[in-house]
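1. got a predicted structure here, sequence first:
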Amino acid sequence: MELAVILIAMAIGALIKGVTGAGLPQIAIPVIATFLGVEAAVVIMSIPGVLTNTWLLAQHRHYRTEARDLPWLLVMGTIGAVVGTWLLKSLDERILSLILAGVIFLYITVFLSKPHLSLPAHVTRFTSPLVGSVAGLLQGSTGMSGPVLITYLHSFRMRREAYVFALTLLFQVYALIQTITLVWVGLYTQTRLVYSLLSLIPIMLFMRGGVELGKKLSRRTFEYAILVVMFATAVKLIYDGLFA
């Protein structure tokens, strides 16, 4: 029964990731943690995260020229992650979760009331360094850069393939740093490594299906799919802020 629940969570997360570029760790890790513990869940999903990101980047590499501001987001995000690890350990994660949820709900409200609103390049040229820094700080201190990056890149209103490439590249940098750190501190046991590699079977199968499904979605449908992921993320953040 436990294995079936874990496999279903991985399949759903992989399908959503194939369509939107996000969703796998947000869905799979909490479910795995329920049965095996948070540490094991994070370790098991680390290698699949790197490999699935690599595959998605290869699938969408032809759209990299349409993804803007990535150098600023990557550089400032990396610096922010290092600083956040050292400076924000005392940050109350519950309060932060509620703040992030509020930001997401505010963005969803604005998007639904003004569906054609977007951040133009001449604006994001100045906001991206700040957003990258904030995302990195959050990643380094709490591991929660996803809500910021998903919300911010969604406001660019890029086509689906460019959005997935940009988001996946940013996630990949964080995933690589995380995986290297996990290996360095010795959290990968032989059993966890086997579980991690075996999880790639259902993940890659359903993520490929997600990519094919995403190709059939209209731009409007894709944007609403992102909003659904954002809404689910916000609900999870509220739960963490109130009950975790």
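-> On my side now, so go ahead.

2. give the other helices and strands that the helix or strand encompassing residue 192 contacts.
-> Per DSSP states H and E: residue 192 is located in helix 190-198. In terms of contacts (3 or more CB pairs under 8 Å, 6 or more residues apart in numbering; DSSP states H and E), helix 190-198 is packed against helix 38-59. In short, each C-beta sits where N, CA and C put it, glycine included.

3. how about the helix it packs on: buried residues?
-> Buried residues in helix 38-59, counted by 16 or more other CB atoms under 10 Å: 40-53, 55-57, 59.

4. sorry, back to before: tell me what the following helix or strand past the helix holding residue 192 is packed against?
-> For helix 190-198, the following helix or strand on the C-terminal side (DSSP H and E) is helix 200-215. Here helix 200-215 touches helix 2-20, helix 38-59, going by 3+ CB pairs under 8 Å, 6+ apart.

5. tell me what the longest one is packed against?
-> I take that to be helix 38-59. Packing contacts for helix 38-59, counted by 3+ CB pairs under 8 Å, 6+ apart, involve helix 2-20, helix 24-36, helix 160-184, helix 190-198, helix 200-215.

6. quick one: low-confidence residue ranges for the chain.
-> The chain contains residues with pLDDT under 70 at 1, 85-91, 141-144, 244.

7. ends of stretch 61-75, what's the gap?
-> 20 Å (CA to CA, to the nearest Å).

8. isn't residue 2 right next to residue 9, touching?
-> No. Counting by CB atoms under 8 Å, residue 2 does not reach residue 9; the two are 10.9 Å apart.
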